[in-house]
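> Next input, structure requested:
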Amino acid sequence: MANAADLASELIEEREAANEEVIAALRRQFESESETHCADCDDEIPERRRALGGITRCVDCQGIFEARGR
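Numbers count the residues shown, from 1 in each chain. The predicted structure is shown next:
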């Protein structure tokens, strides 16, 4: 039977692995090229926003998209 220290160590390792997966996914997203026009409203996405990489929506539509996800 595993003791508390072993269980804690296992949980820490699992959390670190999950964090690494999230970081890798974010890097892939922001290393990709941004769209020039918003996927939702088709307005042009400002150049400064597109420079972030991986951008597909204007600020307003991104805010609506994120609000719906909550």
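
> so how many other residues sit close to I55?
For I55, the count of nearby residues is 22 (other C-beta atoms under 10 Å). Any C-beta I mention is one placed from the backbone N, CA and C, and that applies to glycine too.

> need the contact list for it.
34-35, 45, 49 (C-beta atoms under 8 Å, 6 or more residues apart in numbering).

> quick one: what helix or strand has the residue nearest the centre of the chain in it?
Closest residue to the average C-alpha location of the chain: L26 at 4.5 Å, with C-alpha atoms, centre = their mean. If you go by DSSP states H and E, L26 is part of helix 4-31.

> Flag the shaky bits of the protein, pLDDT-wise.
Residues of the chain meeting the criterion pLDDT under 70: 1, 70.

> Flag every buried residue along the helix holding L26.
Across helix 4-31, burial judged by 16 or more other C-beta atoms under 10 Å covers no residue at all.

> Stretch 54-65 now?
55-58, 61-62.

> quick one on the thing from earlier: just checking, which of the contacts of I55 belong to helices?
R49 (DSSP state H).

> Drop anything exposed from the contacts of I55.
34, 45.

> Pick out the most distant pair among the contacts of I55.
Taking C-beta to C-beta, the two most distant members of the contacts of I55 are E35 and R49; they sit 10.3 Å apart.

> Which two of the buried residues of stretch 54-65 have the greatest separation?
Applying C-beta to C-beta across those, the maximum distance is between I55 and C61, 10.7 Å.

> Make CSV out of the contacts of I55 and add distance to E66.
Output for these, formatted as CSV (distance: C-beta to C-beta, whole Å):
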residue, distance to E66
S34, 17
E35, 17
I45, 16
R49, 15
